[in-house]
Structures are given as structure tokens and as C-alpha cells.
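A.B. asks: A predicted structure for the sequence below; I have some questions about it.
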Amino acid sequence: MAATSSSFFAPPPAALLRHGASPRPTAAASPSSSFRCHGRLQRPSVRVPRRRPAIPAAARPVRFCVNGVYGWPAVLRGWTKRGSRKCLCAAGAHDDAVNQVGEDADHDDDDVRVSNEALRATIRKSREVLAMHRDLLDQISEKKKLISVIEASSIHNGQEPFSGSPFSRSDAVSEGEEIGYDLQMYLDRRSQKSEIRSTHGESISGQHEYYGSLEDKLSYTDVNGSYSKDYEKGHSVTEEIDDNSSSSAAVDVMNIILVAAECAPWSKTGGLGDVAGALPKALSKRGHRVMAIVPMYGNYEEPRQIGEPKRYQVAGQDMEVKYYHAYIDGVDFVFIDNPIFHNVESEIYGGDRTVNFFLQDILKRMILLCKAAVEAPWCVPCGGFCYGDGNLVFIANDWHTALLPVYLKAYYRDNGFMIYARSVLVIHNIAHQGRGPLDDFSYLDLPSNYLDLFKHHDPFGGDHLNIFAAGIKAADRLLTVSHGYAWELKTPEGGWGLHGIINESDWKFQGIVNGIDTTDWNPRCDVHLKSDGYSNYSLVTVETGKAQCKAALQKELGLPVRGDVPVIAFIGRLDNQKGVDLIAEAMPWIAGQDVQVILLGTGRQDLEDTLRRLESQHYDRVRGWVGFSVRLAHRMTAGTDILLMPSRFEPCGLNQLYAMMYGTVPVVHAVGGLRDTVQHYNPYEEAGLGWTFENAEANRMIDALGHCLNTYRNYKSSWEGLRRRGMMQDLSWDTAAKRYEEVLVAAKYQW
Ligand SMILES: Nc1ncnc2c1ncn2[C@@H]1O[C@H](COP(=O)(O)OP(=O)(O)O[C@H]2O[C@H](CO)[C@@H](O)[C@H](O)[C@H]2O)[C@@H](O)[C@H]1O
């Protein structure tokens, strides 16, 4: 496949400013997301909660709701202020009263007294009616849950909801047993009111171990007086929402299931693992019930088996899946266990590509993952009962899980099931698409009319089967991990053959810049900086803290321990994307500077050899560490001064975000998410976060790095400013999670 690169953007003006300052591209030239919400029809049975204009708390009368329609008690018309006890007359009576002012004050007083009593009686009555409504809705909600459980149980006992369904079969559990199991858990759950946990996981009261469900979260919120909702019906019973609340979760709490092929800290080959580990926690913090599903590649300590084993057909083979579960930081982490996943942790996306690439290895794994995931809401009773399909949105990631939106549609929605469940597909890297021969379609267990969804033709592969293409078409919403990359994906250079389909999907497509896990990646508490001479540090202690980490890193890697020498880092997969070959090309120049260089990566054999060669050629100043070491990645991020990212394309990039969080200054190719997140340094205004270069070429990189080194050596206060600005940014997932939530809500109300 051809590399995408430099050609996205026009070259910078010839004259670089002092320290390499170059103006940012104009807004017109900048890539932009062009998300449009095309006035899709709203789900008929669900009422979109609307925020009413702010009314001072003291002036808010109680409103009631019947069948989703709000109303004010008639007697309250003319009511202006709850505490003032005046203006209680009906409109006509009020006019009369005005005419008689001064004539009969005593009479007025009597009227007010009578009206006050009438009002109090009405309020009492309204409260009783309200309580009855809430009781009734509780009962309805409970009945619906029971029905869901019974339906799920019958599905999983082989009573397939439609003929020809490739659903799983429950493993040797009788219908009665399974219903009894789930029901019992659910009823136990209902009676154990003492085990409510807040959305942040802390125990509110009681001694039981498992966490609260969506319903409990709501009850908890209700106890605190903010609002009460009937989620099953999708409309409010009472509503006293804080008008200043920034959380749309307050009005649109969802069941969210994120599915990915890797998830840190259990499995990670790159940035997807980081995202799958962190985004669910951020969504949970916003009040949603969140599950993250990932294969079980090894024997993990925390998860325990949950629910019953299920069997799925994969390419004609009957495979048993056991579900494992761990509740951590407010998230249900669910692991799919089958021997097919064991011992491939180091090559999650690998397989025998020579015989039949797809069938032999990775395709089988991903079919199984997606089949097991799409049924998880029915057969994984987290905390006592299953997620079900109420307010359910799946988030699939990259081609590996792009089958999920297709299975959701083909197995369920086409047959009238899970019709309100939605799927969002996130593109982390379009360069990998799940391409194979058209014949492999037979292994996907899909109706023949679905073949067209997978058929794709492009100059790279001719006619072929393309799993990413099918997922993009089937998903309700499409996301990618930065605005820049969203723009690039629509170009022939950046879309890697799928730009046509992405352009067609433009109405549902949007970019959201990744956040970072600020617990894991935080110099103040980073666990990898607590030993071997390293040190935690903050914005206040960055000077001394970083100096200490730099010395510890130089010592650990056997480099001369020198505080004055700038240390340059590269961390990444060794492939064409990351541009490590450009560093190799520039090495004669780099090695001629008084610098140290540390390269960490694993991947293509020839590039691993390059790292070893660079180290042996420049042993006094270069280290090439071949392998995957999370600890070293953290220590390098803390102990180096400059991070080099000459990526040819970079959908978002996390290392530059980590670097800025640790006061390490990034020098990056201005592409995709790097362009979005690293603002070029402007010495005249002392603004910006690092250096960018416009073409993925060694010379351009040398120019930018030269300006960066010059600033490091000769403009100390500018350097400190760069560091400080980087560290002061809010790079957490909080903002991104809010954006995700908006997309999920849009998907939910899209019909
Ligand atoms: N040898 C090694 N040892 C230890 N750690 C290593 C390592 N090599 C890489 N890493 C770590 O892996 C992660 C890589 O993050 P990137 O954003 O560069 O991811 P990647 O290109 O894999 O992901 C894709 O998905 C992510 C997430 O959306 C996008 O940011 C990105 O642009 C896109 O290409 C970082 O946490 C990094 O520290």
C-alpha cells in the first residue's frame, strides 16, 4: 500500500522565523471535520428530554407528567414565586382584585388566605399523584426488566428469535435453570437496596461487593434530589435538573459497550490499547453504565468467570466462549475467553498470511470476538443482571471489530430485535482494513445479500472483501480520532481506497481528538518514576524533577550522565507510518550535534535492525532499544527533553500528548492529529507547544529540530515557557468523553 504523506498540505513560507517559527495555516487551508446531523427521524417512542429555560430554584413549582406530557396544576396559573405567597388568583379574579384595591383590603386578605389553603391542598394532592405515578412507572420498569431477562434466557437456550440465525447456544443449562439464575440474581439485586454505589464506584452504603446498576445510579441521583427518570420509557417523571449542569449524561444516560482487540493494561500493542483502557472510564465518570469487551489473551489476575459459557459458529467450527468480568474504576471489563486467543498477545494482529490469511488466524479471532460481544448485553449479568438493549450503544474500534455493526444489523435489527440499539465505529487507523478474497465471505455467517456490503474495488486490491468498508457502511455513526485525520480520510491520499465510502458517510462522520489517561500518564504520580533514581514531579518541580529523571535514564541506558546535553526520544511501532527511517536518514546530521538519542520500538525486522545499527555506529550518544517496554516508554517520556514524531500519517498520536504532559517538547510532522495537537512555536508571542514540519522528509525534520535545539540551548526562558504551556493543558479524556457522548446521543436518536 502506498504511503500517505507530505502532500496533504502546502509547504511553509521559505523564510522561517527565528527559532523556526512559521505561520499556522489559514482556517481555509486547515482540515476540518464536517459532521452534519441530517435531521434524522427521531425514535417515535422515546421523548427527547428538552432543557427548559432557567427558573430560579425557589420559583420552581412541581410539575407532573402523564404519559410523557408535562403539565402544571391548573390552580398554579398566575403563580410567580413559591415563597412569596401572592398572585394566587386565577387570571379573571386577579383583574377584579386590582379594581377593588383600597376598597376592601380585609376581603383581599381573606381571599389570599383561602387561596393559600387551596394551593397547599393542591400541592399535597399533586405530590400524592406524583408518588403514585412514580410507583406505577417503577412497576412498569421492573416488569420490563423481568421480560427482558426471560427473553434473553430463552434466546440463550437455543430458542432463536428468527429462523436461520447464527446465534449462540447456551451450554448445557436448562431453560428453567437459566431463567431462575438470572431472575434470582435480579430479584436479589432489587431487594438489596443497601448496595448502591455511586457512578465513581465508591460505596454509598451497605456491605455488598458488587456495584450498582444503571437503575441504582438513577436512584442514587434521585436520593440527592437532582432528578428522577424512567429510563425504560425515556421520559421524565419529575425533573429538577440543575440548569448549569454540563453533563448531558444527566439527561441521556446510556448503556455503552466498547469492543476492541486490545485494552491496556491487559493487552497493548499501541494506541488503541490505551484508548480502550481509558475512554470507558471517562464515559462511566459521566454517569453511563459502561462495559469494555476485549479478548482474554492470557491469565489475568482480576477477572472472574461470569454467566454461562456460550457456543458460537466460526467458519463452520463450533467454539465455546467463557466470559470473564472485572469491575474496575466504574467499568465492567469483560474478557472473551477461548483457546483461539491464548498466547497471541505479542502478535494480536498476526497470523499465517501465506496460506489463507483471514481464515487461518485473525479473521477467526475477530469473528468470534464480534459474535460474543454482540450477545454480551444478554448473557453477561454484570452486577447481577444484564445490560439488555435499553439505551444501548456499541462502540467498535478499527476493522477488527467492524463486523460488530454488521452482526447487530443482520442478526438482530433486520429481524425486529434490538431495534433501538446503535453502533458507532471509530477509525484509529485506516491503513489496516481487513482485506481478503471475496470467497472468505462464506466464513462470516451472514445472509448472502450482505455480500455487497463487503465487496470493494480499488487500485490497491482490485475486487476484494473489505471488512472495514462493511463496518463503515453499517455503523450508525462514524468517528475518527482527530479533526485533521477526519479531513485526510476523505482524500484519495489519506483514505487508502476507502475515501469514497467515507465521503458517502460524511453525514454521520466526525473527528474527536483522543484524550489521555491522566492517572497512568502523569508525572506527579507515575509509578514508573518511583524507583531507580527517577522522581515524580509537577509543574512547580519540573526543573529539578526532569533533571533527576534525565540523569536516571542516562544511567539506566549507559549513556554519559550530562544535564546540559539535550536528549531526543522516539517511541513507536517500527513501520512505515511512524517515519523512523527518516530519523535514520537524518542521523549523520543529528549525531554531529551535541545530543543524545534514545529510540524505542518494535515491528518490522529491517527497522529493528536499523535501530541496532544506529546504536552500534554512535554508541556514545545513541541507544536503540528493540522491544516493547511500557516502563521504559514512561521513563523516556519523563527523562528526555525532545520527542521526535516524523510520522508519515498519524490519526491522532498519543506520544506527543504524553510528552507535553511531562514537559517534553514535541517536534512533529504536521499531519493528522499531530497537526491538531501541537501548535507551532511562535517566539514573537511566546506561544505554541513545539515545532512542526510540513513534509515528511529528513531535511524538513532537520530544519525543525535545528530550531528546537537552538531554543533549548540559547533561549532558556522560551524553553521553560514551551514546557509550561505543554504541561498546563487539559489533555484528559474528560473533554473527549463529552464529545463522544454527544455522538452516542445523536446515534441513539437517529432512526
Ligand atoms: N516499543 C514500545 N514500547 C512501549 N510502548 C510503546 C512502544 N511502541 C509504542 N508504544 C506505546 O503505544 C502507544 C502508541 O500510541 P500511538 O498513538 O502512537 O498509537 P498507534 O499508532 O499504535 O495507534 C493508532 O491509534 C491511536 C489511538 O487512537 C492513534 O493515536 C494513532 O494515531 C493511531 O495510529 C503509546 O502509548 C506508546 O507509548
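C.D. replies: Cool, the structure landed.
A.B. asks: how far away is Tyr443 from the ligand?
C.D. replies: Separation of Tyr443 from the ligand (C-beta to the nearest ligand atom, to the nearest Å): 27 Å. Every residue, glycine included, has its C-beta placed from N, CA and C.
A.B. asks: Could you check which helix or strand contains Gly563?
C.D. replies: Using DSSP states H and E, Gly563 sits in no helix or strand.
A.B. asks: Mind pulling the model confidence for it?
C.D. replies: Here, the pLDDT recorded for Gly563 equals 97.
A.B. asks: Also Ser213?
C.D. replies: Checking the pLDDT column for Ser213, the value is 28.
A.B. asks: what's the answer for the one 4 residues further on, then?
C.D. replies: pLDDT, Lys217: 29.
A.B. asks: List of residues touching the helix or strand hosting Phe570?
C.D. replies: Using DSSP H and E, Phe570 maps to strand 567-574. Contact partners of strand 567-574, identified using C-beta atoms under 8 Å, 6 or more residues apart in numbering, comprise 269-270, 550, 553-554, 578, 580, 583, 590, 595-604, 607-608, 610-611, 633, 636-637, 639-645, 647, 655, 659, 664, 705.
A.B. asks: try 6 Å this time
C.D. replies: Outside of strand 567-574, the residues within contact range by C-beta atoms under 6 Å, 6 or more residues apart in numbering are 270, 578, 580, 583, 595-601, 603-604, 607-608, 633, 636, 640-644, 655.
A.B. asks: Would that strand count as contacting the ligand?
C.D. replies: Yes - on the criterion C-beta under 6 Å from any ligand atom, strand 567-574 is in touch with the ligand at 571-573.
A.B. asks: Give the partner strands of that strand in its sheet and their orientations.
C.D. replies: For strand 567-574, sheet partners with direction are given as strand 596-603 (parallel), strand 642-645 (parallel), following DSSP bridges.
A.B. asks: burial measure for Ile702, as a count.
C.D. replies: Residues within reach of Ile702, counting by other C-beta atoms under 10 Å, total 17.
A.B. asks: Residues of the stretch 251-400 of the chain that sit close to the ligand?
C.D. replies: Counting by C-beta under 6 Å from any ligand atom, the stretch 251-400 of the chain comes close to the ligand at 270-272, 274-275.
A.B. asks: Check those residues against Leu731 and report the nearest one.
C.D. replies: Nearest to Leu731 among these: Asp274, at 12.4 Å, using C-beta to C-beta.
A.B. asks: how near is Asp361 to the ligand?
C.D. replies: Here the criterion is C-beta to the nearest ligand atom. By it, Asp361 lies 20 Å from the ligand.
A.B. asks: okay, now that residue: neighbour count?
C.D. replies: A count of neighbours around Asp361, defined by other C-beta under 10 Å, yields 19.
A.B. asks: Equivalent analysis for the one 10 residues further on, please.
C.D. replies: Residue neighbour count, defined by other C-beta under 10 Å, stands at 25 for Lys371.
A.B. asks: likewise the one 3 residues further on?
C.D. replies: The number of residues packed around Val374, counting by other C-beta under 10 Å, is 30.
A.B. asks: pLDDT value on the residue lying closest to it once chain neighbours are set aside, please?
C.D. replies: Of all residues not flanking Val374 in the chain, Tyr407 sits nearest, at 4.8 Å (C-beta to C-beta, 6 or more residues apart in numbering). In this prediction, Tyr407 carries a pLDDT score of 98.
A.B. asks: sorry, back to before: among the strands paired with strand 567-574, which is the most enclosed?
C.D. replies: Looking across those with neighbours counted as mean count of other C-beta atoms under 10 Å, the highest average goes to strand 642-645: a mean of 26.
A.B. asks: same for the host helix or strand of Asp332, what does it pack against?
C.D. replies: Under DSSP H and E, the secondary-structure element containing Asp332 is strand 331-337. Packed against strand 331-337, as judged by 3 or more C-beta pairs under 6 Å, 6 or more residues apart in numbering; DSSP states H and E, are the following elements: helix 271-285, strand 289-295, strand 317-328.
A.B. asks: Could you dump the strands paired with strand 567-574 into a markdown table with distance to the ligand and mean pLDDT added?
C.D. replies: Below are those laid out as a markdown table (distance: least, C-beta to the nearest ligand atom, whole Å; pLDDT from 0 to 100):
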| stretch | distance to the ligand | mean pLDDT |
| --- | --- | --- |
| strand 596-603 | 5 | 97 |
| strand 642-645 | 8 | 98 |
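A.B. asks: Now distance to Gly624 too, for those, in a markdown table please.
C.D. replies: What follows is those, written out as a markdown table (distance: least, C-beta to C-beta, whole Å):
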| stretch | distance to Gly624 |
| --- | --- |
| strand 596-603 | 5 |
| strand 642-645 | 14 |
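A.B. asks: can I get the CA coordinates of stretch 716-735 in PDB?
C.D. replies: Provided in PDB are the C-alpha atoms of stretch 716-735 (Å, rounded to 0.1, in the frame of the first residue of the first chain):
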ATOM      1  CA  LYS A 716      16.200  29.200  28.200                       C
ATOM      2  CA  SER A 717      13.100  31.200  29.300                       C
ATOM      3  CA  SER A 718      11.400  30.400  25.900                       C
ATOM      4  CA  TRP A 719      12.200  26.800  26.500                       C
ATOM      5  CA  GLU A 720      10.600  26.900  30.000                       C
ATOM      6  CA  GLY A 721       7.600  28.600  28.500                       C
ATOM      7  CA  LEU A 722       7.200  25.800  26.000                       C
ATOM      8  CA  ARG A 723       7.400  23.200  28.700                       C
ATOM      9  CA  ARG A 724       5.000  25.100  31.000                       C
ATOM     10  CA  ARG A 725       2.400  25.600  28.300                       C
ATOM     11  CA  GLY A 726       2.500  21.900  27.400                       C
ATOM     12  CA  MET A 727       2.100  20.800  31.000                       C
ATOM     13  CA  MET A 728      -0.700  23.200  31.700                       C
ATOM     14  CA  GLN A 729      -3.100  21.800  29.100                       C
ATOM     15  CA  ASP A 730      -6.100  19.800  30.000                       C
ATOM     16  CA  LEU A 731      -5.400  16.700  27.900                       C
ATOM     17  CA  SER A 732      -7.600  14.300  29.900                       C
ATOM     18  CA  TRP A 733     -10.300  12.200  28.400                       C
ATOM     19  CA  ASP A 734     -13.000  14.500  30.100                       C
ATOM     20  CA  THR A 735     -13.500  16.800  27.100                       C
END
